[in-house]
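Build me a model:
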Amino acid sequence: MLLAVAAATASPAFAGRGLVVGVNDDAVKWRPAISSVGSDLKFGYYRVTQGWRPGQTAPSPSDTASIAAALRNAGSQKVLLSVFGPASAAPVSRAARVSYCSFVSSLLDRFPQVAAVNIWNEANLSYFWKPQFNRNGSSAAPAAYVALMARCYDAIKSRHPSVRVITSISPRGNDNPRARSNISHSARNFIRKMGQAYRRSHRRARIFDAWGQNVYGSSSKERPWTHHRLDIGQGDYSRLLSYLRSAFAGTRQPVPGRKDVRIWYLEQGFQTGVAAKRSFYGSTETDRFVVAPLGGRVDQATQLTDAIRLAYCQPAVGAFFNFLLADEPNLRGWQSGVLFSDWTPKPSYPAFKRVIAEVNAGRVNCAKLRARIKALGG
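Predicted coordinates:
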């Protein structure tokens with residue numbers, strides 16, 4: 001077990017190089033006061049969604065207005081755009097890929113200050129990308145996603161070489177083309193089949209600058225370093241790296257930890273109870289494993305602090321994004337922000353601010369974190 005703990009963290013010489021902390025929150029599009037929160041917390045990125053519809057090759061006036069507002073309200077924080085449409089509109093044909101990538105490129109022409117782009121969202125899930133499999137049960141989505149990544153990488157880099165191009169993969173999937181729901185690929189098989197498709201293409205250029213991986217655990221109470229058999233959480237960092245190395249080693253696509261390529265943890269979050277602010281929320285809580293913002297044996301403050309320190313101490317990881325900044329007001333959604341839905345700080349807010357300051361100053365003690373994980377039986 002100690003070997004597993006050591007593999008999950010980094011040597012001091014390489015730990016935390018360039019780690020950035022970000023948040024997922026579309027409120028930056030319409031809430032000017034959000035800039036004061038960003039200035040106080042001093043995180044590095046907002047991750048913002050941007051819709052796309054089939055055939056669209058340029059942003060609409062409403063698209064332009066919302067992105068302009070996001071960039072204005074973000075202040076000193078950078079913006080990562082996550083561009084995707086309905087699952088049924090996944091760009092699986094050449095014509096659709098041309099339209100989608102032209103749309104992304106035109107966004108960057110209009111807004112060159114956008115720092116990074118996600119090509120689609122959780123492409124290994126049928127909730128976001130269809131089809132995952134062909135009618136005969138053979139895999140379809142990984143090869144189609146490689147074709148999209150390649151097309152967009154070339155389109156973006158030809159005019160915006162500094163923009164980081166990033167994948168987006170869910171931590172879990174069932175590899176069952178006949179499943180009654182959530183027809184999907186596991187991260188392991190999706191990566192393996194992406195590698196096969198990339199090699200078959202004989203491409204002589206990379207298709208991503210960062211591997212975008214969501215790393216939610218099975219519950220908000222699960223410790224960040226927990227190991228899984230098939231899912232990919234933060235504790236499965238070594239296994240994720242091994243999948244990526246097997247898929248892309250020896251090709252023109254550098255694996256994370258080589259050159260400037262890193263793993264970006266695009267979504268992680270720990271849902272809290274909201275009893276103190278219940279009047280600001282609607283519907284009924286659906287998560288049986290919410291944690292307290294502060295004060296429990298395992299609370300949001302502890303979970304976030306440990307998760308961000310762990311990301312810092314994993315040498316190939318370049319970013320950690322919390323989902324969200326402020327809670328969704330519908331309890332059927334996510335209450336994993338460090339602000340309640342009325343935008344007042346949760347008791348976990350100061351801990352989030354402190355750990356961001358640790359990361360920004362390069363003061364995370366990875367040896368101390370390894371000892372803590374060992375003591376807790378991780």
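
Any regions of the stretch 51-200 of the chain where pLDDT drops low?
Within the stretch 51-200 of the chain, not a single segment meets pLDDT under 70.

Name the residues of stretch 225-239 that are buried.
Neighbour counts over stretch 225-239 (16 or more other Cβ atoms under 10 Å) mark 225, 227, 231-239 as buried. From N, CA and C alone the C-beta is placed, and that goes for glycine too.

Phi first, then psi, for V317.
In this entry, V317 is assigned phi and psi values of phi -90, psi 130 (degrees, to the nearest 10).

circling back: just the ones in strands from the buried residues of stretch 225-239, please.
Secondary structure of the buried residues of stretch 225-239 is defined by DSSP state E; no position falls in strands.

Let's have these in JSON lines, adding distance to R192 and pLDDT.
As requested, the buried residues of stretch 225-239 are exported to JSON lines (distance: Cβ to Cβ, whole Å; pLDDT from 0 to 100):
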{"residue": "W225", "distance to R192": "25", "pLDDT": "98"}
{"residue": "H227", "distance to R192": "20", "pLDDT": "96"}
{"residue": "D231", "distance to R192": "16", "pLDDT": "97"}
{"residue": "I232", "distance to R192": "13", "pLDDT": "98"}
{"residue": "G233", "distance to R192": "19", "pLDDT": "98"}
{"residue": "Q234", "distance to R192": "21", "pLDDT": "98"}
{"residue": "G235", "distance to R192": "20", "pLDDT": "98"}
{"residue": "D236", "distance to R192": "15", "pLDDT": "98"}
{"residue": "Y237", "distance to R192": "18", "pLDDT": "98"}
{"residue": "S238", "distance to R192": "16", "pLDDT": "98"}
{"residue": "R239", "distance to R192": "12", "pLDDT": "98"}
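
would you list the residues you listed in TSV and tack on distance to N118?
Output for those, formatted as TSV (distance: Cβ to Cβ, whole Å):
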residue	distance to N118
W225	26
H227	27
D231	20
I232	17
G233	20
Q234	19
G235	23
D236	21
Y237	20
S238	24
R239	23
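
Show me where the stretch 51-200 of the chain has its helices.
61-74, 94-110, 141-157, 187-201 (DSSP state H, counting those that start in this stretch).

what residues does the second one touch?
Put plainly, it is helix 94-110. Judged by Cβ atoms under 8 Å, 6 or more residues apart in numbering, the contacts made with helix 94-110 from elsewhere in the structure are 50, 52, 54-59, 63-64, 67, 81, 83, 89-91, 114, 117, 119, 147-148, 151-152, 155-156, 159-160, 163.

related to what we said a few turns ago, check the helices of the stretch 51-200 of the chain for me and report the most buried one.
Mean neighbour counts were taken over these using mean count of other Cβ atoms under 10 Å, and the top value, a mean of 22, falls to helix 141-157.
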